[in-house]
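Engineer: from the sequence below, what's the structure:
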Amino acid sequence: MNLGLKNKIAVITGASAGLGKEIALTLAREGASVAICGRRQKDLEQTAMEIKKETQAKVLAFAGDMTQAEDVTLFIKRVIDEWNTVHILVNNVGQATRGCLDSLSPNNWQQTFEVNIMSAVLCTNQVTPVMKAQKWGRIINISALSGKEPGEELIASNVVKSGLIGFSKTLSRELALDNILVNCISPGLIDSPQNDRYFSRLEKEEALSRIPLHRFGEPQEFADVVAFLCSQRSSYVTGINLLVDGGASHSL
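Structural biologist: Modelled structure (predicted):
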């Protein structure tokens, strides 16, 4: 299937490693030019080199913090200066904050909110004017299964991940007449470095029993779903929260 992504300009945040890197690679394989950002300069440069080598795609790399308005403005300005427009935004920056209510400080809550929601809000604000002008856009927000079914000892993450789903749904209605489609994708346990950091081996083994497919997802499987929702082929899909979780969710 031709996804119609050739020559599209895609911005992927949090893309120096893990799922963000896989998303950028997948979009580049489909012919898109990709702008990636992350806070670790060395990892970012390595990822950009790998994408260029494998796909021959145009890659722009920017080291910055997407919770900081100044960095976001500079990043998107660089993309538009280089390529004149933005067609696709994938808000992939995020973190899981472990802890129950009585163990989290106000700073823990604030940081979780800024990383998971404000980064998406800031980036979206920067790209929507150009998307409106061209009457075409795709915005994908990466949430988590815990935004739909709360995880244990993840109260702050549960709250903000569900907030990101609400942001996506509301925004999809605001931007529909501009032909800007906004969707949310919520991964379950994907075999990625991020999950290795947040979950112990024992926790991951226990989680397998709750996944009907009895395995963790592969980063490429997740990135393929993102690519579809970024594409021309998803032209009548907006406002959804799509679970990519191997059937782990119990709700309808």
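Engineer: tell me where the stretch 101-250 of the chain has helices.
Structural biologist: 106-113, 119-134, 155-175, 193-198, 201-208, 219-230 (DSSP state H, counting those that start in this stretch).
Engineer: by mean pLDDT, show me the worst of these.
Structural biologist: Sorting these by mean pLDDT places helix 193-198 lowest, at a mean of 71.
Engineer: could you dump the helices of the stretch 101-250 of the chain to TSV with distance to M49?
Structural biologist: In this view, the C-beta of every residue, glycine as well, is placed from N, C-alpha and C. What follows is the helices of the stretch 101-250 of the chain, written out as TSV (distance: least, Cβ to Cβ, whole Å):
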stretch	distance to M49
helix 106-113	31
helix 119-134	24
helix 155-175	31
helix 193-198	18
helix 201-208	31
helix 219-230	19
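Engineer: mean neighbour count and distance to Q56 for these - can I get that in JSON lines?
Structural biologist: Formatted as JSON lines, the helices of the stretch 101-250 of the chain follow (neighbours: other Cβ atoms under 10 Å; distance: least, Cβ to Cβ, whole Å):
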{"stretch": "helix 106-113", "mean neighbour count": "14", "distance to Q56": "38"}
{"stretch": "helix 119-134", "mean neighbour count": "20", "distance to Q56": "25"}
{"stretch": "helix 155-175", "mean neighbour count": "20", "distance to Q56": "32"}
{"stretch": "helix 193-198", "mean neighbour count": "14", "distance to Q56": "26"}
{"stretch": "helix 201-208", "mean neighbour count": "12", "distance to Q56": "36"}
{"stretch": "helix 219-230", "mean neighbour count": "20", "distance to Q56": "18"}
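Engineer: what is the burial count for the nearest residue to T55 once chain neighbours are set aside?
Structural biologist: Once flanking residues are discounted, T55 sits nearest to A28: 4.1 Å by Cβ to Cβ, 6 or more residues apart in numbering. For A28, the neighbour count with other Cβ atoms under 10 Å is 24.
Engineer: and A28, how far from E54?
Structural biologist: 8 Å (Cβ to Cβ, to the nearest Å).
Engineer: then P219?
Structural biologist: 15 Å.
Engineer: how about D178?
Structural biologist: As judged by Cβ to Cβ, D178 and E54 stand 34 Å apart.
Engineer: which of these two has more neighbours?
Structural biologist: D178 (15 against 11).
Engineer: so who does the nearest residue in space to that one that is not next to it in sequence touch?
Structural biologist: Spatial nearest neighbour of D178, excluding adjacent residues (Cβ to Cβ, 6+ apart): K132 at 4.7 Å. K132 makes contact with 175, 178, 180, according to Cβ atoms under 8 Å, 6 or more residues apart in numbering.
Engineer: if I pick the last one, what's in contact with it?
Structural biologist: Going by Cβ under 8 Å, 6+ apart, I180 touches 128, 131-132, 136-139.
Engineer: just grab the bridge partners of it for me.
Structural biologist: For I180, the beta-bridge partners are G137 (DSSP bridges).
Engineer: show the pLDDT at it.
Structural biologist: For I180, the model assigns a pLDDT of 98.
Engineer: can you report how many residues lie near W136?
Structural biologist: Neighbours around W136, by other Cβ under 10 Å: 18.
Engineer: H87 is in contact with that one, correct?
Structural biologist: Yes. With contact defined as Cβ atoms under 8 Å, W136 counts as touching H87 (6.4 Å).
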